[in-house]
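Undergrad: what shape does this take:
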Amino acid sequence: MSKISVFEETLQKLEDCVKRIKSPDCTLEESMELYEKSVKYYEQCTKILDDAKQKLEIYRPETDTTEEFDVI
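TA: Numbering: from 1, shown residues only. Okay, the predicted model is just below:
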């Protein structure tokens with residue numbers, strides 16, 4: 001499974017948890033369990049994005065060079 005599909009699947013799980021937490025029939029206990037899962041999904045997504053960001057470079061055709069992509 002590719003990192004993109006893992007990211008998309010994990011993000012979908014995170015979104016599903018958020019929807020369930022917002023549901024009026026979600027109990028407090030279930031909300032707490034879903035919150036804990038959500039934190040783990042968020043951390044997984046963040047790690048995947050951080051790893052991808054480290055691999056990004058900008059190609060400058062005018063000088064035929066590459067440089068790191070730096071997000072401000």
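
Undergrad: going forward, measure contacts and count neighbours with C-alpha atoms only.
TA: Will do.

Undergrad: tell me which residues of the lengthiest helix in the chain are tucked away?
TA: Identified as the longest helix of the chain according to DSSP state H is helix 28-55. Buried residues in helix 28-55, counted by 16 or more other C-alpha atoms under 10 Å: 31, 34-35, 38, 41-42, 44-45.

Undergrad: list the residues that contact the residue nearest to the spatial centre of the chain.
TA: In the chain, the centroid-proximal residue (C-alpha atoms, centre = their mean) is Cys45; its distance is 2.4 Å. Cys45 is in contact with 7, 10-11, counting by C-alpha atoms under 8 Å, 6 or more residues apart in numbering.

Undergrad: pick the one among these closest to Pro61.
TA: Phe7 (31.0 Å; C-alpha to C-alpha).

Undergrad: could you give the number of residues near the closest one?
TA: Residues contacting Phe7 under the criterion other C-alpha atoms under 10 Å number 18.

Undergrad: that one touches Ile48, doesn't it?
TA: Yes - shown here, Phe7 and Ile48 form a contact pair, counting by C-alpha atoms under 8 Å, at 6.7 Å.

Undergrad: pretty sure Tyr42 sits against Lys13.
TA: No - if you go by C-alpha under 8 Å, Tyr42 and Lys13 don't touch, sitting 9.6 Å apart.

Undergrad: ok, back up a step: show me what the helix or strand following the longest helix of the chain pairs with in its sheet, parallel or antiparallel.
TA: Per DSSP states H and E, the first helix or strand lying C-terminal to helix 28-55 is strand 57-60. Its sheet considered, strand 57-60 pairs with strand 65-68 (antiparallel) by DSSP bridges.

Undergrad: now do the strand it pairs with, average pLDDT.
TA: Strand 65-68 shows an average pLDDT of 76 in the prediction.

Undergrad: closest one of the buried residues of helix 28-55 to Lys55?
TA: Out of the buried residues of helix 28-55, the member with the shortest distance to Lys55 (by C-alpha to C-alpha) is Cys45, at 15.8 Å.
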